[in-house]
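**Student:** please find the sequence and the predicted model below.
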Amino acid sequence: MRLSRYFLPILKETPKEAEIVSHRLMLRAGMLRQQSAGIYAWLPLGYRVLMKIQKIVEEEQNRAGVVELLMPTIQSADLWRESGRYEAYGKEMLRITDRHERDMLYGPTNEEMITDIFRSYVRSYKDLPLNLYHIQWKFRDEVRPRFGVMRGREFLMKDAYSFDLDQEAARHAYNRMFVAYLRTFARMGLKAIPMKADTGPIGGDLSHEFIILASTGESEVFLDKDILDLPVPGEDTDFDADLSPIIKSWTTPYAATDEMHDPEAFGAVGEDKQVSARGIEVGHIFYFGTKYSEPMGATVTNSDGVEVPVHMGSYGVGVSRLLAALIEANHDDDGIIWPVSVAPFHVGLINMKPGSEADGACNALYEKLEAAGVEVLYDDRDTRAGAKFASMDLIGLPYQVIVGPRGLKNGEVEVKNRATGERQMLSPEAAAEALI
Ligand SMILES: Nc1ncnc2c1ncn2[C@@H]1O[C@H](COS(=O)(=O)NC(=O)[C@@H](N)CS)[C@@H](O)[C@H]1O
């Protein structure tokens, strides 16, 4: 992409309303614009990252055998009256009346709707197990939306819902999601720690939150340092096998959010291993049995021909919140430092002197890298080099290639690694090789 033909409204000033670094940097890097409290326009650079995150989430859900669909954002209140959550959900629910005076709502989550879809088609235990997911915008009228997309009112969530014949089978579904979550966040370069959690308005009696340690996190967490070194299950994981040994290894070291913290149990962790920190909840998984299937009549006939309500779980990932979490975990004083897997572009190509022989070298490099599948943002603007360097550091692409007449006289361009700051003078050919 040539910057002269893109839309990247970099801000010079730090917006005063931004309280945490990820919010500040997303605004300054031209990724996001607030349209109203907690509701954002995703500008091109931010949208590219959001779609990269979504793709990793989808790949790992699909690997775990979950089937993707898409449910609407607007839901009928009648479904929520059946489950008894319509009144209970409270002020966070955005309630809407349509022109025919029908009570509707902007969905904060989809347990009722997915249960309605399930009960309309599935009647036999032979059709189980089933796990369905979508990635869809949610609305929760948070009393104090803040920290940018960390706590928005309209936000993007992956939510999966599992259906099984009994609790034992449902536990296997839960374990598959647990492993899928360990892989998902690791692929983004994040260390997400599963912690026993409260079940809140979703309900049930088994729940884990996946927490990224960050000083600006809203959750207070306590953990045994050993958990930070556990190996993440590989892409060859057999999701049909018994995954409980993996779950056991990840739930044996102490790890709890403040709601579930047990100081006595934490005390048993060696002093040198006790970590108390703040964290960002990027995922949350629940088992809640027949909480929705019972009142909504989602049943199957079992092998004895008896109608039984299915056992369910739900599994959420904060797709838009992950941008904030990633920046909180990957930045320095000059700006964002994107892991390659989620970077909006892989290489920032800087032409220090448009109109000079640098143009030819840049065009050749741009063509070669793009042809090899390397995503390049080519700063071809006629502005001073210093501003280009600052912008490229701010938006945080993993690599920069700096091309100027002086370097070219020696047949060289400069390659910079944004994360390490390491710089190399290489021939354009060697630079291309190094980046492909
Ligand atoms: N206001 C919000 N802004 C941004 N992300 C949010 C917000 N509220 C929740 N999330 C993200 O969405 C994830 C799932 O939300 S949740 O309430 O925990 N779970 C559910 O809604 C279940 N239906 C999971 S399918 C959270 O772990 C968090 O990462």
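**Tutor:** Structure received.
**Student:** please identify the buried residues of the strand ranked longest in the chain?
**Tutor:** Scanning the chain for the longest strand, with DSSP state E as the assignment, gives strand 274-289. Across strand 274-289, burial judged by 16 or more other C-beta atoms under 10 Å covers 275, 279-289. To be clear about C-beta, it is placed using only N, CA and C from the backbone, and glycine gets the same treatment.
**Student:** what's the answer for stretch 250-268, then?
**Tutor:** Using 16+ other C-beta under 10 Å as the test for burial, stretch 250-268 gives 250-251, 253-257, 260-261, 266.
**Student:** for residue 397, what are phi and psi?
**Tutor:** Dihedral angles of residue 397 (phi, psi; degrees, to the nearest 10) stand at phi -70, psi 140.
**Student:** give the closest residue to it in space, chain neighbours not counted.
**Tutor:** Distances taken as C-beta to C-beta, 6 or more residues apart in numbering put residue 348 closest to residue 397, at 4.2 Å, once the chain neighbours are dropped.
**Student:** per-residue confidence for the one you found?
**Tutor:** According to the prediction, residue 348 has pLDDT 98.
**Student:** that one against residue 377, yeah?
**Tutor:** Yes - contact criterion C-beta atoms under 8 Å: residue 348 and residue 377 qualify, at 5.3 Å.
**Student:** common neighbours of those two, please.
**Tutor:** Contact with both residue 348 and residue 377 is made by residues 395, 397, according to C-beta atoms under 8 Å, 6 or more residues apart in numbering.
**Student:** quick one on the thing from earlier: so which of the buried residues of stretch 250-268 is the closest to residue 199?
**Tutor:** Nearest to residue 199 among the buried residues of stretch 250-268, counting by C-beta to C-beta, is residue 260 at 10.4 Å.
**Student:** all helices of the stretch 251-400 of the chain, in order?
**Tutor:** 263-267, 293-296, 321-329, 358-371, 385-395 (DSSP state H, counting those that start in this stretch).
**Student:** looking at those helices, which is closest to residue 19?
**Tutor:** If we rank the helices of the stretch 251-400 of the chain by C-beta to C-beta, the stretch that ends up nearest is helix 321-329, at 11.7 Å.
**Student:** between strand 274-289 and the closest one, find me the angle.
**Tutor:** Here helix 321-329 runs at an angle of 170 degrees relative to strand 274-289 (axes from the mean of the first three to the mean of the last three C-alpha atoms, to 10 degrees).
**Student:** would helix 321-329 count as contacting the ligand?
**Tutor:** Yes - with C-beta under 6 Å from any ligand atom as the measure, helix 321-329 is seen reaching the ligand through residue 321.
**Student:** inside strands: which ones of the buried residues of stretch 250-268?
**Tutor:** Among these, the subset assigned to strands under DSSP E consists of 255-257.
**Student:** in contact with the residue nearest to residue 397, which residues?
**Tutor:** 376-377, 379, 392, 395, 397, 399-401.
**Student:** just curious, which of these is nearest to the ligand?
**Tutor:** Distance to the ligand across the contacts of residue 348 (C-beta to the nearest ligand atom) is lowest for residue 395, with 22.4 Å.
**Student:** what's the distance between the nearest residue to the closest one once chain neighbours are set aside and residue 128?
**Tutor:** With C-beta to C-beta, 6+ apart as the criterion, residue 395 has its nearest non-adjacent residue at 4.7 Å, and that residue is residue 29. Separation of residue 29 from residue 128 (C-beta to C-beta, to the nearest Å): 46 Å.
**Student:** compare the two (neighbour count), which wins?
**Tutor:** Higher neighbour count among residue 29 and residue 128: residue 29, with 24 against 20, using other C-beta atoms under 10 Å.
**Student:** contacts only, for that one.
**Tutor:** Counted by C-beta under 8 Å, 6+ apart, residue 29 has contacts 10, 45-46, 335-336, 394-396.
**Student:** and what of residue 334?
**Tutor:** Taking C-beta under 8 Å, 6+ apart, we find residue 334 in contact with 390, 393-394.
**Student:** buried subset of those, written for ChimeraX?
**Tutor:** Filtering those down to the buried ones (16+ other C-beta under 10 Å) takes a single ChimeraX command:
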select :393,394
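**Student:** near the ligand, which residues of the protein?
**Tutor:** Going by C-beta under 6 Å from any ligand atom, the residues of the chain near the ligand are 109, 140, 142, 151-152, 155, 157, 159, 202, 281-284, 314-316, 318, 320-321.
**Student:** change it to 5 Å
**Tutor:** Within the chain, the positions lying close to the ligand (C-beta under 5 Å from any ligand atom) are 109, 151-152, 155, 157, 159, 281-282, 284, 314, 316, 318, 321.
**Student:** mind checking the SS state of residue 431?
**Tutor:** helix (DSSP: H, G, I helix; E, B strand; the rest coil).
**Student:** do I have it right that it meets residue 364?
**Tutor:** No - contact criterion C-beta under 8 Å: residue 431 and residue 364 do not qualify, at 10.8 Å.
**Student:** of these two, give the one with the bigger neighbour count.
**Tutor:** Counted by other C-beta under 10 Å, residue 431 and residue 364 do not tie: residue 431 has more neighbours, with 26 against 14.
**Student:** show the contacting residues for that one.
**Tutor:** By C-beta under 8 Å, 6+ apart, residue 431 lies in contact with 365, 401, 413, 415.
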